[in-house]
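K.L.:
sharing a model prediction with you, sequence too.
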Amino acid sequence: MVMKKKFLRAGGEIDWMVITSHFIITIFAALCLLPFYYIIVVSFSDPARINPGQLVLRPYGFSFDAYRVTLSQRQFFTSFWVSVQRTILGTAISLTVVSMLSYAISKKYLRGRKIFFVMIIFTMLFSGGMIPTYLVVRYTRIINTLWALIIPNMVNTFNVIVLTNFFMAIPDEIEESAKLDGANDFVIFAKLMVPISLPALATITLFIAVTHWNSLMDGVIYIHRPHLKPLQVYLTEIVMRSQLEDFFQDSADRAIPPLTLQCATIFASTFPILVVYPFLQRYFVKGVMIGAIKG
């Protein structure tokens with residue numbers, strides 16, 4: 001009954017525009033989910049029944065052999081732990097810096113506010129480039145450390161703009177009443193603005209965490225030691241290999257096709273984000289819309 005009302009106009013006529021838009025969106029959603037579905041199906045299929053170049057649209061048997069081999073690799077867990085440390089530490093530091101910066105810039109009484117804001121916007125349009133950034137990271141002596149994956153990505157201009165717009169939408173009377181009670185800027189920010197900003201902060205947290213978890217190039221450029229490589233670098237090395245003989249520890253595992261192992265590794269590296277995302281999804285749209293009220 002609800003679906004019928006959804007596709008009807010006020011006069012009771014069928015709204016073909018709404019039906020067409022829903023159909024197109026459904027097709028695009030299916031196309032986006034198809035690669036992920038393919039990875040899951042191949043990773044859980046019987047390795048003996050999977051051939052290279054084969055289009056797999058349904059599971060061929062059922063087997064955990066690919067995950068058994070993938071999860072038996074020490075380097076997988078080493079890289080996984082590096083990505084976990086990077087995501088947690090990088091998200092906490094970046095969220096703290098971005099939120100404090102955005103709150104300061106949102107205040108019209110801040111001296112030089114427009115200059116600071118122009119400088120931040122400038123970094124969105126122009127960057128120093130890969131080589132100058134690498135030289136900065138190198139001469140600060142954080143190459144082959146976890147900080148090389150965190151500090152260069154600490155401030156994202158888009159996140160600053162979203163949070164700045166959100167803080168600007170908060171009535172000034174709230175801050176003024178707190179100042180009359182004797183609260184300073186740090187107390188106002190920590191005990192007043194942060195609780196009010198939870199939807200926007202949850203959205204930015206999701207942005208930052210996903211960026212850190214999926215980031216690849218900084219791990220390739222700044223990290224050269226195997227025990228410090230993040231999970232995405234390890235995943236790339238596995239996917240790019242056409243032969244995985246050195247990947248096996250048991251000769252019985254050599255019958256497992258490389259495609260099955262690659263798909264299992266991809267799904268295992270994506271699974272943590274899939275687990276965390278539903279808990280932040282309810283804040284996602286609300287936080288973005290609130291942050292876009294003012295420009």
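P.N.:
Structure's in. What do you need? Numbers count the residues shown, from 1 in each chain.
K.L.:
so what does the residue nearest the centre of the chain have for phi and psi?
P.N.:
Nearest residue to the geometric centre of the chain (Cα atoms, centre = their mean): Val210, 1.3 Å. When read as degrees, to the nearest 10, the backbone of Val210 gives phi -60, psi -40.
K.L.:
just checking, it touches Ile273?
P.N.:
Yes: using Cβ atoms under 8 Å, Val210 is in contact with Ile273, at 6.3 Å. In this view, the C-beta of every residue, glycine as well, is placed from N, C-alpha and C.
K.L.:
before we move on, back to that, ok, the residue nearest to the centre of the chain to Met124 distance?
P.N.:
Look at Val210 and Met124: by Cβ to Cβ, to the nearest Å, they are 19 Å apart.
K.L.:
relative to Ser79, how far out is Ile161?
P.N.:
For Ile161 relative to Ser79 (Cβ to Cβ), the value is 33 Å.
K.L.:
okay, those two: which has more neighbours?
P.N.:
Using other Cβ atoms under 10 Å as the criterion, Ile161 and Ser79 rank with Ser79 on top: 24 against 19.
K.L.:
so what pLDDT did the more buried one get?
P.N.:
You'll see Ser79 listed with a pLDDT of 90.
K.L.:
what sits closest to it if chain neighbours are left out?
P.N.:
Tyr234 (3.9 Å; Cβ to Cβ, 6 or more residues apart in numbering).
K.L.:
list the contacts for that neighbour?
P.N.:
Tyr234 makes contacts with 75-76, 79, as judged by Cβ atoms under 8 Å, 6 or more residues apart in numbering.
K.L.:
which of those residues lies closest to Thr205?
P.N.:
When the contacts of Tyr234 are compared for distance to Thr205 (Cβ to Cβ), Ser79 wins out at 22.8 Å.
K.L.:
that older thread, now the contacts of Tyr234 in JSON lines, with secondary structure and distance to Asp181?
P.N.:
Formatted as JSON lines, the contacts of Tyr234 follow (DSSP: H, G, I helix; E, B strand; the rest coil; distance: Cβ to Cβ, whole Å):
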{"residue": "Gln75", "secondary structure": "helix", "distance to Asp181": "55"}
{"residue": "Phe76", "secondary structure": "helix", "distance to Asp181": "53"}
{"residue": "Ser79", "secondary structure": "helix", "distance to Asp181": "50"}
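K.L.:
from those, which is closest to Arg58?
P.N.:
Among the contacts of Tyr234, and counting by Cβ to Cβ, the member closest to Arg58 is Phe76, at 27.7 Å.
K.L.:
tell me how far the closest one lies from Glu175.
P.N.:
From Phe76 across to Glu175, the span is 49 Å (Cβ to Cβ).
K.L.:
Leu34 too?
P.N.:
To Glu175, Leu34 is 49 Å away according to Cβ to Cβ.
K.L.:
more neighbours, these two?
P.N.:
Comparing Leu34 with Glu175 by other Cβ under 10 Å, the one with more neighbours is Glu175, at 18 against 11.
K.L.:
pLDDT of stretch 182-198, averaged?
P.N.:
Here the average pLDDT along stretch 182-198 is 84.
K.L.:
how about stretch 224-232?
P.N.:
Averaging pLDDT along stretch 224-232 yields 88.
K.L.:
just the CA trace of it, in PDB.
P.N.:
Extracted in PDB, the C-alpha atoms of stretch 224-232 (Å, rounded to 0.1, in the frame of the first residue of the first chain):
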ATOM      1  CA  HIS A 224      59.700   0.100   2.700                       C
ATOM      2  CA  ARG A 225      59.900  -2.300   5.600                       C
ATOM      3  CA  PRO A 226      57.600  -5.400   5.300                       C
ATOM      4  CA  HIS A 227      56.600  -5.400   9.000                       C
ATOM      5  CA  LEU A 228      55.300  -1.700   8.600                       C
ATOM      6  CA  LYS A 229      53.400  -2.100   5.400                       C
ATOM      7  CA  PRO A 230      49.600  -1.500   5.800                       C
ATOM      8  CA  LEU A 231      47.000  -4.000   4.700                       C
ATOM      9  CA  GLN A 232      46.200  -2.300   1.400                       C
END
